[in-house]
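**Student:** Based on what follows, work out the 3D shape:
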Amino acid sequence: MQSTTHGEVTQAGTIQARDSEGTMRAIVQQRYGSSETLRLDATVRPSVAADEVLIEVHAAGVDRGVWHLMTGMPYLVRLMGYGLRRPAQPVPGADVAGRVVAIGRDVERFKVGDEVFGIADGSFAEFAAAKEHKLARKPASLTFEEAAVASISGITALQALTDIGRIEAGQKVLVLGASGGVGSYAVQLAKALGGKVTGVASTDKLDFVRSLGADDVIDYTATDALDKSRRYDLIIDAGGRNPLRRLRAALTPDGTLVIVGGEGGDRLTGGMARQIGALLWSPFVSQRLTMFISTEDHRFIERLAGFIERGEVTPAVGARYELSEAPAAIVDLAAGRAEGKSVIVVR
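**Tutor:** Next up, the predicted model:
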């Protein structure tokens, strides 16, 4: 791949020339498996293609997708081009925030020294390459850690509510998995868009969900949020395991269900079975039963940044981990111990 290296911003703020070759510290994985397959190692610093920039990573977010790409489960993940026998990208991580240190020859929106956030290839590292169209300028009001946990979960929640869910002011919105990455953004964005929001979480996370602005909270360990006692115009299911029939029972007759991601299920398709079922059922019922895969583009990241800059959304940074602790961060996420969005602090 061809690249154009324009320099690097030092801690003192000056720009120094730097060769695009070299090594860096990164979390590396050579085979699918548990967190034990991850190790901190020296690896080759990525070069950039014509439409990419090289980012000096300051922080990286930890999302559920990292776990799926680490384990290679369900097998559908491997068939989607992420590597049949081993990860095609040996460095995990996608959410990123940092400073541009080199740009490809076709890059027009950024220059060396710009502070950016968005989605990169292999962000659990000191440097990461990212497509220009998957980045936006970091709002000055955000720290690198806050920006690093924003993009993937934030634009997923935004698209789920607007492009797919077609939220309208005054609607009753139920967010399942409200304390997680996508859920914490869905609660805040739904409120900003005029919804009356009920968030579902475990007992120890209810105060956190209230702090996000939820009008009401439900402790799923004590109360069945889908017991038909209340109906909702829009359900954002970021929880991942509720059967379609129970979700439909909690919707108004013309309500909309948006399934975000999916956990559980079999080893081949995982939670995707519910999503496929929603698409098959939807044409035959009055309710809209939908699913989607988030579009990773700067247009959505910039829309999200607008909510953040207006003070309507605040990235919910959860636990902080050093780069060497990335395996533990993924374990904690999979075990349900994460609140908000965990962050890897690289520098």
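**Student:** Gln30 versus the closest residue in space to Gly33 that isn't next to it in sequence, what's the distance?
**Tutor:** If the residues on either side of it in the chain are set aside, Gly33 comes closest to Thr71, at 6.7 Å by Cβ to Cβ, 6 or more residues apart in numbering. To be clear about C-beta, it is placed using only N, CA and C from the backbone, and glycine gets the same treatment. From Thr71 across to Gln30, the span is 14 Å (Cβ to Cβ, to the nearest Å).
**Student:** who has more neighbours, the two?
**Tutor:** Comparing Thr71 with Gln30 by other Cβ atoms under 10 Å, the one with more neighbours is Thr71, at 16 against 12.
**Student:** quick one, phi/psi of the nearest residue to Leu54 once chain neighbours are set aside?
**Tutor:** Excluding its sequence neighbours, the residue lying closest to Leu54 (Cβ to Cβ, 6+ apart) is Ala102, at 3.9 Å. Dihedral pair for Ala102: phi -160, psi 150, per degrees, to the nearest 10.
**Student:** pretty sure Ala102 contacts Val112?
**Tutor:** Yes - counting by Cβ atoms under 8 Å, Val112 is a contact partner of Ala102 at 6.8 Å.
**Student:** So which of the two has more stuff around it?
**Tutor:** Neighbours per residue, other Cβ under 10 Å: of Ala102 and Val112, the larger number sits with Ala102, 26 against 19.
**Student:** Give me the distance between the more buried one and Arg248.
**Tutor:** Using Cβ to Cβ, Ala102 is found at 51 Å from Arg248.
**Student:** Equivalent analysis for Ile301, please.
**Tutor:** As for Ile301, its distance to Arg248 is 33 Å (criterion: Cβ to Cβ).
**Student:** Quick check on these two: which one has the bigger neighbour count.
**Tutor:** A direct count of neighbours by other Cβ under 10 Å for Ile301 and Arg248 places Ile301 higher, at 24 against 18.
**Student:** residues contacting the more buried one?
**Tutor:** Ile301 is in contact with Phe117, Gly118, Ile119, Lys134, Leu135, Ala136, Ala150, Ser151, Gly154, Ile155, counting by Cβ atoms under 8 Å, 6 or more residues apart in numbering.
**Student:** partner residues bridging the fifth one?
**Tutor:** Okay, so that is Leu135. Beta-bridge pairing of Leu135, defined through DSSP bridges, involves Gly118.
**Student:** what number of residues lie near it?
**Tutor:** Counted with other Cβ under 10 Å, residues neighbouring Leu135 total 28.
**Student:** do the third one as well
**Tutor:** Burial measure for Ile119: 24 neighbouring residues, criterion other Cβ under 10 Å.
**Student:** pretty sure it is in contact with Gly65, am I right?
**Tutor:** No - between Ile119 and Gly65 there is no contact under Cβ under 8 Å: 10.4 Å.
**Student:** Common neighbours of those two, please.
**Tutor:** Common neighbours of Ile119 and Gly65, using Cβ under 8 Å, 6+ apart, are Ala94, Ile152.
**Student:** okay, now the domains of the protein?
**Tutor:** Per the record, the chain has its domains at 8-150+315-345, 152-291, by automatic domain parsing.
**Student:** Could you point out which of those sits nearest Asp297?
**Tutor:** Checking those against Asp297 by Cβ to Cβ gives domain 8-150+315-345 as the closest, at 5.8 Å.
**Student:** in the stretch 101-250 of the chain, which spans are strands?
**Tutor:** For the stretch 101-250 of the chain, applying DSSP state E, counting those that start in this stretch gives strands covering 115-119, 127-131, 135-137, 172-176, 196-201, 216-219, 232-237.
**Student:** Please identify the deepest-packed of these.
**Tutor:** Ranked by mean neighbour count, the strands of the stretch 101-250 of the chain are led by strand 172-176 with a mean of 28 (mean count of other Cβ atoms under 10 Å).
**Student:** So which elements touch it?
**Tutor:** helix 181-192, strand 196-201, strand 232-237 (3 or more Cβ pairs under 8 Å, 6 or more residues apart in numbering; DSSP states H and E).
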